[in-house]
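Engineer: let's see this in three dimensions:
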Amino acid sequence: MPETNTNTARTPEACCAKCKKTGVRLTPCERCDVVYCSRSCQTLDWKTHKKRCARNRGGDGPGGATTTPPTGSSSSSAAPPDSTNSTAATGGALEGGNPLPFTRLEKGTYLHDRPEKDTYKLLIDAYRLRLDDVAKFEGAVEPDSVYASATNDPLPGFRRFLDKARAATGGLLPPWWSADKQRECEDLGMSSAASNGWTSLRKKIQKGDVTDHYGDAKFPMQLRMLAEAVYGRGPGGQDGSAMRRMMAMQEAGAGARHMSLLDVSRYM
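Structural biologist: You can find the predicted model right below:
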């Protein structure tokens, strides 16, 4: 009588989709069944994961599983994880990360203690998103920008934005900022324009572009609040100070229960 093989195939141990760590508590993506060991790993993996996540939610998940999208969401796209916390990651878009962003906005130090290139990039992106917001919400365009004409030189308009940032009360720009550093910031926006890179002052961006690039659903809000600190008002004359304070309280672990009292969608 032939022997019966009692050996069974060993099931692979589950691991974090980003760092491959095993033996730790793993939390699934809110939109599919891919698992992560931490919110940081989930955020860092977002750019790679988002297309697969959308496919999984459409019924093509691992093992043929069909996953159900959260209420109010579309099966064709997914929002990145909310990474507004003390260790908020940016999917590698910023060299120095983005800790406590709303606390820093509230204190006026959002651009401080960052790598110089990160500071330049944030200023460029805040300016470009502001151009888009003003065009949409106010029907106005910056004359020296691609919103007025695709052939315009965008530098004069951006230079005025930087001049306003330098003149803003409370030391909005970091202590190391100088005329030479401003030229470096301007050069980044213009050199990228030659290659149509992300930081190109000739490239229009919208809220969704910012969310995808930084892997953070609240990053457009941060850039809008930074631009508000420069201009003294939000698009359409909105005042984001109450929202900024509330978001800072949320980072500190307080105030989350009051969030529904404010219309977050205006800033996101």
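Engineer: and residue 165, that's in a helix?
Structural biologist: Yes. Counting by DSSP: H, G, I helix; E, B strand; the rest coil, residue 165 is found in a helix.
Engineer: test my guess that it contacts residue 173.
Structural biologist: Yes. The criterion here is CB atoms under 8 Å, and residue 165 meets it with residue 173 at 5.7 Å. Placement of C-beta: from N, CA and C, glycine included.
Engineer: how about stretch 134-145: buried residues?
Structural biologist: Of the residues in stretch 134-145, those scored as buried under the neighbour-count criterion (16 or more other CB atoms under 10 Å) are 134, 135, 141, 142, 144, 145.
Engineer: what's the first helix or strand after the one helix or strand in the chain whose mean pLDDT sits lowest?
Structural biologist: Sorted by mean pLDDT, DSSP states H and E, the helices and strands of the chain end with helix 46-55, the least confident at a mean of 69. Of the helices and strands lying after helix 46-55 in sequence (DSSP states H and E), the nearest is helix 101-107.
Engineer: can you tell me what sits against that following helix?
Structural biologist: By CB atoms under 8 Å, 6 or more residues apart in numbering, the residues outside helix 101-107 that reach it are 84, 88, 110, 112, 218, 222, 225-226, 229, 244-245, 247-248, 250-252.
Engineer: without its sequence neighbours, what residue ends up closest to residue 161?
Structural biologist: Excluding its sequence neighbours, the residue lying closest to residue 161 (CB to CB, 6 or more residues apart in numbering) is residue 127, at 4.7 Å.
Engineer: list the residues that contact the one you found.
Structural biologist: For residue 127, the residues meeting the contact criterion (CB under 8 Å, 6+ apart) are 158, 161, 227.
Engineer: what kind of secondary structure is it in?
Structural biologist: Counting by three-state DSSP, the backbone at residue 127 sits in helix.
Engineer: check what pLDDT it gets.
Structural biologist: With respect to pLDDT, residue 127 scores 98.
Engineer: and residue 21, that one's in a strand?
Structural biologist: No. With three-state DSSP as the criterion, residue 21 is located in coil rather than a strand.
Engineer: does it touch residue 36 like I think?
Structural biologist: No. Residue 21 is not in contact with residue 36 according to CB under 8 Å; the separation is 9.3 Å.
Engineer: what comes up buried for the host helix or strand of residue 132?
Structural biologist: Secondary-structure element containing residue 132, defined by DSSP H and E: helix 116-137. For helix 116-137, burial by neighbour count (16+ other CB under 10 Å) applies to 116, 118-135.
Engineer: repeat for stretch 240-255
Structural biologist: Under the neighbour-count criterion of 16+ other CB under 10 Å, stretch 240-255 has 240, 243, 244, 245, 246, 247, 248, 249, 250, 251 buried.
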